[in-house]
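> Got a sequence here, can you model it:
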Amino acid sequence: MGIRSGVASLPALLLLLTACSETPKTEATKEPEKQTEQPLTGRQAFQRMYPAARIWATDAQPLQLRSIDLQDVKAERGKAGAWQAIFVSAALGKARSYTFSVNEAPGNLHQGVFAGLEERWSGPRGQSTPFEIAAVKTDSDEAYRTAAQHGADYIKKNPTKPVSFLLERTSRFPDPTWRVIWGESVGTSDFSVFVDASTGKYSETMH
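Here you go, the predicted model:
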């Protein structure tokens, strides 16, 4: 009787041991959301490109810095997903563009710093002239805030217009200047505000 009882209880014991040895079921975990790359200010992007330009030419000076909007990266006030800087070297007699993009994008934009082809440069052509980095004390987001104050009425009437940024030094102003541009491009824009990149003060509005 005792043996039969022990044999009969054996299957139950095996089931119990099997249940204990099973790996506990875990709740289904959600896949981590894909992080959206964040746009950068002009200064942040410039600081990433400048070391590469100095490797190319120890006397490299910035000639121009402009923002580039990316379709997959939401632009913020004073920030963009990509930027392009043009550097010049008097010693080499050449100019070279660099881009910094937060991701791969059409238009030969590559994630990180990417160097363009060299071009001949024999000195200032057109209005732009090289400028000292130390002269740029105001970042693009700060320039936007100043420009927005002087373009409040226009912004109210055109709330969805894209905004881009251009930093350069011309004979028009004594210091390097941010041009905050409303519209698809400089050529098609009907409203832009100039902000002194050294002082951060409003310079002029162009309609």
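> contacting residues for the residue nearest to Asp59 when sequence neighbours are not counted?
Closest residue in space to Asp59, ignoring its immediate chain neighbours: Ala91 at 5.0 Å, by CB to CB, 6 or more residues apart in numbering. From N, CA and C alone the C-beta is placed, and that goes for glycine too. Applying CB atoms under 8 Å, 6 or more residues apart in numbering, one finds that Ala91 lies in contact with Ala57, Thr58, Asp59.
> And Trp83, by the same measure?
Leu40, Gly42, Ala45, Phe46, Met49, Leu65, Arg66, Ser67, Ile68, Thr99, Phe100.
> a markdown table please, covering these and showing pLDDT.
A markdown table is the format used below for these (pLDDT from 0 to 100):
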| residue | pLDDT |
| --- | --- |
| Leu40 | 96 |
| Gly42 | 98 |
| Ala45 | 97 |
| Phe46 | 98 |
| Met49 | 98 |
| Leu65 | 98 |
| Arg66 | 97 |
| Ser67 | 97 |
| Ile68 | 95 |
| Thr99 | 98 |
| Phe100 | 97 |
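> partner residues bridging Ser97?
Ile86 (DSSP bridges).
> what's the distance between it and Ala53?
Distance check for Ser97 against Ala53: by CB to CB, to the nearest Å, it reads 10 Å.
> what do you get for Ala75?
In terms of CB to CB, Ala75 sits 24 Å off from Ala53.
> More neighbours: these two, which one.
Ala53 (23 against 16; other CB atoms under 10 Å).
> I'd like the secondary structure assignment at the more buried one, please.
helix (DSSP: H, G, I helix; E, B strand; the rest coil).
> count of neighbours near Ala115?
16.
> ok, and the closest non-adjacent residue to it?
Tyr98 (5.5 Å).
> ok, back up a step: and the pLDDT for the residue nearest to Asp59?
In this model, Ala91 is scored at 96, pLDDT.
> Which of the contacts of Ala91 sits closest to Ile86?
Ala57 (12.5 Å; CB to CB).
> what about that closest one, how many neighbours?
18.
> How about Tyr202?
Around Tyr202 there are 15 residues (other CB under 10 Å).
> Which residues are in contact with it?
Contacts of Tyr202 (CB under 8 Å, 6+ apart): Thr146, Ala147, Gln149, His150, Val193, Phe194, Val195, Asp196.
> In helices, which of those fall?
Here DSSP state H is the test, and the contacts of Tyr202 give Thr146, Ala147, Gln149, His150 as lying in helices.
> all strands for this structure, in order.
For the chain, the strands defined by DSSP state E occupy 40-41, 61-68, 79-80, 82-89, 94-101, 112-120, 163-168, 177-182, 191-196, 202-206.
> Tabulate those (a markdown table), appending distance to Ile155.
Putting the strands of the chain into a markdown table (distance: least, CB to CB, whole Å) gives the following:
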| stretch | distance to Ile155 |
| --- | --- |
| strand 40-41 | 19 |
| strand 61-68 | 17 |
| strand 79-80 | 17 |
| strand 82-89 | 23 |
| strand 94-101 | 27 |
| strand 112-120 | 33 |
| strand 163-168 | 9 |
| strand 177-182 | 8 |
| strand 191-196 | 9 |
| strand 202-206 | 12 |
